[in-house]
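Visitor: Okay, structure incoming, though there's no sequence with it:
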């Protein structure tokens, strides 16, 4: 059985013109918001142990990765780094953290809020060797979640201080 076609919008009374489905309207609004360099009031919450990759808690415990460490993004100059939103983020340890030596790379994903860049790192890569899952989030030295944005060269990049404080998410 064929579904009858709706009459063209020009033939409908003014109060019954087709304007699209609710889902299409919501989708269009979300797309427009995302393309306009992020929606205001983006909700970013701290990472919980439930957000951690499988095996991260055990791997961090084995390597004594508790509490906090210090890392650095690649510098652009004058202590700032240009970081890109999304997966592929890399921060390098500046000092020993547990059994992870300086130079260990943590990889993960960056998220942009209105005023801060938030990072969640899920893999550690020891120089010249081992890789293992981790559950680490980016904080300032004062414990504030994320790093303040110092500039926005493009919609998917931000300038932040190169130095970041790293916090292990543990049970």
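Guide: Happy to help now that I have it. Everything quoted here is computed from the prediction, not taken from an experiment.
Visitor: This protein: helices as residue ranges?
Guide: Secondary structure of the chain (DSSP state H): helices located at 22-35, 56-62.
Visitor: Among these, show the one with the smallest mean pLDDT.
Guide: Note on the helices of the chain: lowest mean pLDDT is at helix 22-35, with a mean of 36.
Visitor: shouldn't residue 146 be in contact with residue 117?
Guide: Yes - at 5.8 Å, residue 146 and residue 117 qualify as touching, with contact defined as Cβ atoms under 8 Å. Where you see a C-beta, it was placed from the backbone N, CA and C, and this is true even at glycine.
Visitor: what's the overlap in contacts for these two?
Guide: Taking Cβ atoms under 8 Å, 6 or more residues apart in numbering as the contact rule, residue 146 and residue 117 both touch residue 138.
Visitor: the more surrounded of these two?
Guide: residue 117 (27 against 22; other Cβ atoms under 10 Å).
Visitor: From residue 100, how far out is that one?
Guide: 23 Å (Cβ to Cβ, to the nearest Å).
Visitor: before we move on, what about residue 71?
Guide: From residue 71 to residue 100 the distance is 11 Å (Cβ to Cβ).
Visitor: what touches both of these two?
Guide: residue 93.
Visitor: So what's the residue count around residue 151?
Guide: The local packing of residue 151 (other Cβ under 10 Å) involves 10 other residues.
Visitor: what do you get for residue 79?
Guide: Neighbours around residue 79, by other Cβ under 10 Å: 12.
Visitor: before we move on, what about residue 153?
Guide: By other Cβ under 10 Å, 10 other residues sit near residue 153.
Visitor: try the one 10 residues further on
Guide: The criterion is other Cβ under 10 Å. On that basis, residue 163 has 17 neighbouring residues.
Visitor: next one: residue 69
Guide: 23.
Visitor: Test for you: state the pLDDT assigned to it.
Guide: pLDDT, read off for residue 69, is 90.
Visitor: Also residue 170?
Guide: For residue 170, the predicted pLDDT is 82.
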